[in-house]
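[1] Provided below for reference: sequence and predicted model.
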Amino acid sequence: MTETNDQIQSNDIPGAADVPAAAEGQQERRGGRGDGKGDRRGGGRGRDNRRGQERDSEWQERVVQIRRVSKTVKGGKKMSFRAIVVVGNEKGQVGVGVGKAGDVIGAVRKGVADGKKHLVKVPLTRHSSIPTIGNGRDGAASVLIRPAAPGTGVIAGGSIRTVLELAGIKNVLAKRLGSKTPLNNARAAMDALAGLRTHKETAKERGISLEQIYS
């Protein structure tokens, strides 16, 4: 599949959170009736939907990029959309997903589902930073992340900043090295976060005490 250079502006991109909301609204219009019978019959499903909304409310989705791509087939070219979505709960879990579909909303929905399948647990300090320096690489992209003092903020750019913010990191320094591709940079940041270890875990792996780590 070859990708064209056409990109959709971020203002034209529908929010990932709008996709399930629209589907639920259609379900309510189909199931609800004015005489109240539909309420009694669909009450159980309504409670299940509310529980699902509460579970999904802690997750945030951000669309990093949407591109129109084309695939050469026998009859010509088949056009579709590719969406890069970052999913996180700002509590130490984050994932990057890619979705492709014939429409933008379908691509975003697939990207959210793919991101939740590839979640990474990030160890956070009490100052919402990372415990150690991390290096990540994906393809030609390389990312370096370093812990920072409270009040520093997220010093990063592009898709790396989105990954760090949705992971719940408030103070960090990040530098992109190599490729500028948003997908490779996001995956390189994920690789760097996946390799982080706390001092306690490092001491346990090396078979030494925690005091020796700080000495």
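    Sure thing, it's come through.
[2] E205 sits in which helix or strand?
    helix 199-206 (DSSP states H and E).
[3] again with G97
    strand 93-101.
[4] walk me through the domains of this structure.
    Domain assignment for the chain by automatic domain parsing gives 2-12+59-120, 18-57, 123-201.
[5] mind putting the ones you listed in JSON lines, distance to I208, mean neighbour count and mean pLDDT included?
    In this view, the C-beta of every residue, glycine as well, is placed from N, C-alpha and C. Putting the domains of the chain into JSON lines (distance: least, CB to CB, whole Å; neighbours: other CB atoms under 10 Å; pLDDT from 0 to 100) gives the following:
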{"stretch": "domain 2-12+59-120", "distance to I208": "26", "mean neighbour count": "17", "mean pLDDT": "87"}
{"stretch": "domain 18-57", "distance to I208": "41", "mean neighbour count": "11", "mean pLDDT": "51"}
{"stretch": "domain 123-201", "distance to I208": "11", "mean neighbour count": "19", "mean pLDDT": "92"}
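[6] center of the chain, which residue is that?
    V86 (1.9 Å; CA atoms, centre = their mean).
[7] which residues touch it?
    When contacts are counted by CB atoms under 8 Å, 6 or more residues apart in numbering, V86 touches 61-62, 64, 94-97, 115, 159, 162-163, 166, 186.
[8] you'd agree it is in a strand?
    Yes: V86: assigned to a strand according to DSSP: H, G, I helix; E, B strand; the rest coil.
[9] which is the succeeding secondary structure element to the strand holding G97?
    With DSSP H and E, the next secondary element past strand 93-101 is helix 104-117.
[10] just how off-centre is the host helix or strand of N184 within its chain?
    Per DSSP H and E: N184 is located in helix 182-194. Centroid separation for helix 182-194 versus its chain: 11 Å, with CA atoms, centre = their mean, to the nearest Å.
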